[in-house]
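[1] Mind looking at a prediction? Sequence and model below.
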Amino acid sequence: MESVNLTADAGHKGPSYFLVFIILGVLTLVEVAVAFIAALPDTLLILILLGLAVWKALLVALYYMHLRFEPAKLWWMVMAPLPLGLILVGIVLIEGW
Amino acid sequence: MSNTTAAALERPTTGPGSGFGVYNMKLGMWVFLLSEVMFFTALIGAYIILRFTNPGHFAEPGVVLNVPLTAANTFILICSSVTMVKAFAEIEAGNQRGLRMYLAATALLGILFLGVQAYEYSKLVHEGFVPAAEFYAALGRDGAGAVEGGPLYGATFYTMTGFHGAHVTIGVLCLLFTTVMAFRGRYTAANHGGVEIMGLYWHFVDLVWIILFTIVYLI
Amino acid sequence: MAEFWQLSPNASTYGADIDRMFYAIVILTGVVFVVVEVLLLWFLIRYRGREGRRAVHTHGNMRMEILWTAATAIIVVVIGVGSRGLWLEIKSPDRFPEPGISLDVTAKQFEWNVTYPGADGVLGSPDDFTARNRFNVPVGTPVHVTLRAEDVIHSFFLPELRFKQDVVPGMEIPAWFEVTTAGEYVVGCAELCGLGHYRMMGTMTALDAADWEAWYTAESVAAAQAAGTLNVASVDNEGSVR
Amino acid sequence: MSVDAQAQEAHAGAGAGHHEEIPWLRRYVFSSDHKVIGIQFLFMSLFFLVVGGLLAMAMRWQIAWPSSQEMPLPGGGMLPDVMVTDGIMLPEFYNALVTMHGTIMVFFAIMPLLVAVWANYLIPLQIGAEDMAFPRLNMASFWLAAPAGILMLASFWVVGGAANAGWTAYAPLSVSEVYSGVKLGQQLWCLSLIILGFSSLMGAVNYITTVINMRAPGLTWFRLPLSVWGLTVTSVLVLLAVPVLAGGLIMMFFDITIGTSFFQPEGGGQPLLWQHLFWFFGHPEVYILILPAMGFVSDVIANGARKPVFGYHAMVWAIVAIGFIGWVVWGHHMFMSGMTPVLGGFFMVSTLIIAVPSAIKTFNWLGTLWGGNIRFHTPMLWALGFVSLFVIGGLSGIFLAAAPVDIPLHDTYFVVAHIHYVLVGGSLFGIFSAITFWFPKMFGRMMNEGLGKLHFALTFIFFNATFFPMHMLGSGGMMRRLYDPTQYPHLQPQQDTNVFITVCALLLFASQLILVVNFFWSLFRGKRAPENPWQANSLEWSAPSPPPHGNWGGRLPAVHRGPYEYSHPERESDYWLQTDPTGAAPAPAPTTSGG
Ligand code: HEA
Ligand code: HEA
Ligand code: CUA
Ligand SMILES: [Cu+2]
């Protein structure tokens, strides 16, 4: 069993955990504000909200789950199922049109 | 095999034939999380499709669901994520006290989240927001009742948030276990895989909630 | 077992195209099948193990591999291109031909109800009339059907017409066919729909123009009388209700 | 190294040298040794194979002699009146038989026989690991599968009987007691499959982690036997497909149990949504049911032909490609469902494309045979049978994939013929090949070759006699799931064919007795097996037969080359173990690229 040095990523660069936390909090506020205050067309609103959600999700995955600091192979493996989800939802949506 | 030297079971960590350079438990957790992605894709996908084809069953954001309350709850979960990652950072630095404190805080925040969700559920049910038309009569909500939307709204809402809640519950139980282990001094600066994979799971649950919050409450 | 890889006689317009496609695939896959099995048998005999012989040590042959990959790809593209147009022609609502008559087909456990527009030529009016399990259609003109189900999924299946379409509760599915030959045709249900699935059977009779006219007029008049919407003048003037 | 990792290593290492110390219960029942778990799965799934076969026999009897007083179902009198009344099978029971036959065969017989049995048994041995990455998770996987199976069987005896909406459980029939007459049975069906899904997921996580991280020194990705490749890609498919089914099953369970309306149109739900979810899982599932078999067959054919696998890299990429394209073809099961025709066109094209990697596989098997020095041992016969029959099943798939041609063929016996050619002629033949090939390794005894060959010959003949005529029934318009085909006038002339099929099916089933006899006789009385009875190359053949706990006596094998270096010109013997440090420089192609 190979031993991996867990402390390797201790000194990683990038925003501190606390900064990420602040950004997440602010983004949440922005989301709620956008959803209720802004008088935007529906499609645009949905796109903005989804964009914000994906942004937040990425922050969590990249920094809190350390994906940014993992070997590239792991990174690719994790990305693999995402297209599948899009295919499923996308095609069934076309169907419901 | 008990008389084996460790060297005999050593595998190369780099070069041809080596693995991903990630220890088994962590790799296994990631692999497992991939299947979780597909599970939530099925639930969220069903929701999107049903909502898309039956807009009449659903209400505008904020009409039925209590967005401020849930936004606060989202914030609680985000806080629990930062405490979780802090716990990990503390043990990486070898700080047992920090580890214990942050783990316990994470578990508490998780419980708080569940509490708020339980409160939200009970209020919604009282208002007549239920997953099936069968319950309408019992709640005095026949046809055009108190709440907007049709049975699909409740069904998809409770299924998605309920299964997320179930994940949080499991997470809290594991967190409590990890906390106990931390108090028993199981983890060290060099040896804290347990904390790391706990963190992976917990952050994933947070991540799912971020998506759910937007899709279910805000859109 | 007389019908070796053979469909029953066809009785619809696009059925002939489907059959042609079917036999084209029979031939294409037949060739592939024979090639594979003959090579297999030949190698088994030719290279059967014997004492003192040694197998050729090779890891492959790029040229051959590209060859058979490309050959398969070409066959497959041919089949795909050939089928796609036909498929859309049959199933795509915007390509349906102008209807000679439009019917409603409603499926429920375990019967087929076919509704005719009646004297006014409009479905959903009081003078519509409905036939259960046995119904007639005209030959030589496109018949449009709108398929609905009241309970579970059924599948409207006319083997001799090469027609099949699932009937889904909550959906209205348009489809069409045009019969080429007068006669009686089987109507089956091709989707498991409960304990009576096996006996959800009907008979469709295709009538040629004269028979159809006579039958349809008589039925329409009867239905209109029953509904009290009969307009005697129109029948007298045109000699037909349609 | 993490504590958990260390704990596991200690666990894997514990007690290998002194077997006696592991109590009987922990050694054979609640064992975490991958070999024991593999064998447990083997016995469980063979049991379900017999059950599924018996259900098929009851179905065939009814089809040949529908509701006949002269030919009552043998043993039908022993069944309760809700199944068989006065010797006449009830239609709802027939539907339950079809459903349970499909479900049990797919989920409880073939899937575990291919994946759980061989992934557990072979992966650690073929990659030179001492055990799985997570041995206890592995044990849990078995102990979830077994109760799931019991739950599924139990549903026959509950009120309303077993699920009867087909193995595809199309809603709203499946979710409505009013329409199907079944409630509890369908609920148990959902629960059982959810539990089994958990078990499969645990397995998949385990296999993937193990293959990625625990390969022996020197074992690069492109030195892996194709069995491991097949099993790995399969595990990825399981990992990503099963949760989608689980999601669908949960919604179905809610629809039945608390009256939600995900799939019920009355409440705004969509019947087609279930079909999409089911087939999004279902099509990858059918590749789950063939890819491992393709791997085993490649190993066996190379061994029998005494040649390296022809185009090893292409074989690997073909497996990956099939696994990949398999995600975008599910709509070919829904051509007639009322789905938008434009999508039908898309799915038709993507489906046809799968023929290309399948062609690579087929022709590379032929290429492997070419120029060989072929030994016809029993596993080899099954492998050759696999190739010849899989091609038939695959080519009949092309008919179904061409959407316009699928119009007359959908939901007829043509489809039944297709699925049995790929699932019996393909998967099951592959399984028989694997069982006969690795039996000596598993149990340390040889199987009887004479009986094995007889079993193969009879199975091959009766299999074709049973299922080939179904193509004709189907193109003649005989629908699936038909309790009594004689009701339809256009099917009456075909009834003789149905009787013929049933007779052959009964003979097919009877022929399996030879395997049962051979299996159990060899288990206790067979000749002692040497370490490497087939003179094969891959790692498992360097371990004792059967391998001890820990497999390698505490020392990982070092790997020097790919698994298919048969008949190397610079060597006298015609095989060359992967672990053999002697001999020429590393052989060309398959070993060069690293992983
Ligand atoms: C092991 C399982 C397995 C496998 C491997 C396959 C493989 C394939 N299947 Fe099959 N299929 C099932 C199991 C399987 N199937 C089951 C269980 C069902 C029914 C489910 C139900 O409704 O109950 C089904 C149903 C099914 C349908 C739906 C039919 C209907 O309901 O109307 C279709 C339609 O496209 C289809 C197509 C194919 C194709 C194109 C392949 C291809 O992968 C085949 C590729 C292989 C070859 C083509 C042969 C080898 C290639 C060559 C020799 C090269 C030369 C070839 C050409 C030039 C064409 N299958
Ligand atoms: C997955 C694999 C699989 C297997 C192996 C089989 C095997 C058989 N199947 Fe079936 N079948 C399906 C999967 C399978 N089937 C599916 C998915 C359906 C669709 C269901 C649906 O419509 O919902 C179906 C449907 C189906 C139908 C259509 C029913 C209908 O639509 O009305 C018929 C009809 O003849 C049939 C017959 C048979 C027969 C005669 C066998 C014979 O091959 C059986 C012979 C018996 C055996 C091969 C087992 C013998 C036991 C052993 C060899 C074990 C030895 C034991 C030890 C060593 C201990 N099957
Ligand atoms: Cu209606 Cu089958
Ligand atoms: Cu498929």
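    Ah, there it is. Ligands and ions are numbered 1, 2, ... in the order given.
[2] which sections of the chain are below the confidence cut-off?
    Here I'm looking at chain A. Per-residue confidence for chain A (pLDDT under 70) gives these ranges: A:1-15, A:38, A:97.
[3] Sorry, I should have been clearer: chain C.
    In chain C (pLDDT under 70), the answer is C:1-6, C:230-242.
[4] So which bits of it are right by ligand 1?
    C:29, C:32, C:36, C:72, C:75, C:76 (C-beta under 6 Å from any ligand atom). C-beta coordinates here come from the backbone N, C-alpha and C atoms, glycine included.
[5] how far is stretch D:564-579 from where the chain is centred?
    Stretch D:564-579 sits 31 Å away from the centroid of its parent chain (C-alpha atoms, centre = their mean, to the nearest Å).
[6] same thing with stretch B:87-103?
    For stretch B:87-103, the separation from the chain centroid amounts to 22 Å (computed by C-alpha atoms, centre = their mean).
[7] What residues sit buried inside it?
    Neighbour-count burial for stretch B:87-103 flags B:87, B:88, B:89, B:90, B:91, B:92, B:99, B:100, B:101, B:102, B:103 (criterion: 16 or more other C-beta atoms under 10 Å in any protein chain shown).
[8] How are the strands of chain D distributed by residue range?
    Applying DSSP state E to chain D gives strands spanning D:84-85, D:88-89.
[9] Lowest average pLDDT across these?
    Mean pLDDT is lowest for strand D:84-85 among the strands of chain D, at a mean of 86.
[10] Which neighbours in the sheet does that strand have, and how are they oriented?
    Take DSSP bridges as the rule and strand D:84-85 pairs in its sheet with strand D:88-89 (antiparallel).
[11] quick one on the thing from earlier: now tabulate the residues of chain C next to ligand 1 in CSV and tack on neighbour count and secondary structure.
    Below are the residues of chain C next to ligand 1 laid out as CSV (neighbours: other C-beta atoms under 10 Å in any protein chain shown; DSSP: H, G, I helix; E, B strand; the rest coil):
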residue, neighbour count, secondary structure
C:29, 21, helix
C:32, 20, helix
C:36, 22, helix
C:72, 21, helix
C:75, 20, helix
C:76, 22, helix
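[12] Surely residue D:378 is in contact with residue D:456?
    Yes: using C-beta atoms under 8 Å, residue D:378 is in contact with residue D:456, at 6.3 Å.
[13] out of the strands of chain D, nearest to ligand 2?
    Closest to ligand 2 of the strands of chain D, according to C-beta to the nearest ligand atom: strand D:88-89, at 12.2 Å.
[14] Tell me, how many residues neighbour the residue nearest to residue D:305 when sequence neighbours are not counted?
    Spatially, and ignoring its direct neighbours in sequence, residue D:305 is nearest to residue D:372 (3.1 Å; C-beta to C-beta, 6 or more residues apart in numbering or on different chains). The number of residues packed near residue D:372 is 27, by other C-beta atoms under 10 Å in any protein chain shown.
[15] how close does residue D:372 get to ligand 2?
    Per C-beta to the nearest ligand atom, to the nearest Å, residue D:372 is found 29 Å from ligand 2.
[16] cool, residue D:461 as well?
    Counting by C-beta to the nearest ligand atom, the gap from residue D:461 to ligand 2 is 13 Å.
[17] do you know how far that residue is from ligand 3?
    34 Å.
[18] ok, now residue B:87?
    According to C-beta to the nearest ligand atom, residue B:87 stands 59 Å off from ligand 3.
[19] what about that residue, which SS state?
    The assignment at residue B:87 comes out as helix when based on DSSP: H, G, I helix; E, B strand; the rest coil.
[20] Am I right that residue D:346 is in contact with residue D:331?
    Yes: applying C-beta under 8 Å, one finds residue D:346 in contact with residue D:331, separated by 7.3 Å.
[21] Looking at those two, which is more packed in?
    Between residue D:346 and residue D:331, counted using other C-beta under 10 Å, the more crowded position is residue D:331 (27 against 17).
[22] didn't residue D:390 look like it was pressed against residue D:425?
    Yes: the pair residue D:390 and residue D:425 passes the contact test of C-beta under 8 Å, sitting 6.3 Å apart.
[23] Redo the buried residues of stretch B:87-103 as CSV? Include distance to residue B:198, pLDDT and secondary structure.
    As requested, those are exported to CSV (distance: C-beta to C-beta, whole Å; pLDDT from 0 to 100; DSSP: H, G, I helix; E, B strand; the rest coil):
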residue, distance to residue B:198, pLDDT, secondary structure
B:87, 9, 92, helix
B:88, 9, 91, helix
B:89, 14, 90, helix
B:90, 13, 90, helix
B:91, 11, 91, helix
B:92, 14, 88, helix
B:99, 11, 94, helix
B:100, 13, 94, helix
B:101, 15, 94, helix
B:102, 12, 95, helix
B:103, 8, 95, helix
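[24] Can you tell me which of those lies closest to residue D:177?
    Taking C-beta to C-beta as the measure, residue D:177 lies nearest residue B:103 of these, at 47.8 Å.
[25] mind listing what the closest one touches?
    Contact partners of residue B:103, counting by C-beta atoms under 8 Å, 6 or more residues apart in numbering or on different chains, are B:84, B:87, B:175, B:178, B:179, B:182, B:195.
[26] For it, give its distance to ligand 2.
    47 Å.
[27] any idea what sits nearest that residue, other than its immediate chain neighbours?
    Sequence neighbours aside, residue B:179 is the residue nearest to residue B:103 in space, at 4.4 Å (criterion: C-beta to C-beta, 6+ apart).
[28] And residue C:194, how close does it get to chain B?
    22 Å (C-beta to the nearest C-beta, to the nearest Å).
[29] burial measure for that residue, as a count.
    25.
[30] Closest residue of the stretch 1-150 of chain D to ligand 3?
    In the stretch 1-150 of chain D, the residue that lies nearest ligand 3 is residue D:95 (10.4 Å; C-beta to the nearest ligand atom).
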